[in-house]
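[1] Build me a model:
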Amino acid sequence: MAHDSGKEKQQAHELLEQLAPTQLTAVVGLLEVMVDPVSRAIAQAPLDDEKLSAEGEKALRDAREWSKHNKGIEHKQVLAELGIPSEEIDQVKGRK
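    Now for the predicted structure:
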């Protein structure tokens, strides 16, 4: 049986017309991830199963302990400390 992508696209359009605005936003986000080659590559990448070194395990334990007693650092603050304006990140992500 031949694959009729035109018919499937029409069906997708009809289903999209039935969605509430919040549902449509979610679907658009999903579609953007699906067509983005980097997102697709990340999703298909094999699980990193490399063993942590003793030093890595200690650093992870220390970080978890630190986070129990300290407030996390906001993303904007990290960017500011690195000298990267958040507008620059928005431009890279295509938000502006």
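[2] Pull the distance from the lowest-mean-pLDDT helix or strand in the chain to the chain's centre.
    Comparing helices and strands within the chain by mean pLDDT, DSSP states H and E singles out helix 86-92 as the least confident, with a mean of 75. Distance, stretch centre to chain centre, for helix 86-92: 16 Å (CA atoms, centre = their mean, to the nearest Å).
[3] Which elements pack onto it?
    Judged by 3 or more CB pairs under 8 Å, 6 or more residues apart in numbering; DSSP states H and E, the packing partners of helix 86-92 are helix 75-82. For the C-beta atoms, the positions are set from N, CA and C on the backbone; glycine is no exception.
[4] Can you list the helices and strands that the helix it packs on packs against?
    Under the contact definition 3+ CB pairs under 8 Å, 6+ apart, helix 75-82 sits against helix 86-92.
[5] List the buried residues for the helix it packs on?
    For helix 86-92, the neighbour count (16 or more other CB atoms under 10 Å) marks no residue as buried.
[6] switch to numbering from 515
    Done: numbering now begins at 515, and the last item shifts to helix 600-606.
[7] Tell me how many other residues surround residue 547.
    Residues within reach of residue 547, counting by other CB atoms under 10 Å, total 13.
[8] quick one: contacts for it?
    The contact partners of residue 547, taken as CB atoms under 8 Å, 6 or more residues apart in numbering, are 553-554, 557.
[9] In three-state terms, label residue 561 for me.
    When classified by DSSP: H, G, I helix; E, B strand; the rest coil, residue 561 comes out as coil.
[10] Please, which helix or strand holds the residue most central in space within the chain?
    Of all residues in the chain, the one closest to the mean position by CA atoms, centre = their mean is residue 553, 7.3 Å from it. Secondary structure assignment for residue 553, by DSSP states H and E: helix 551-558.
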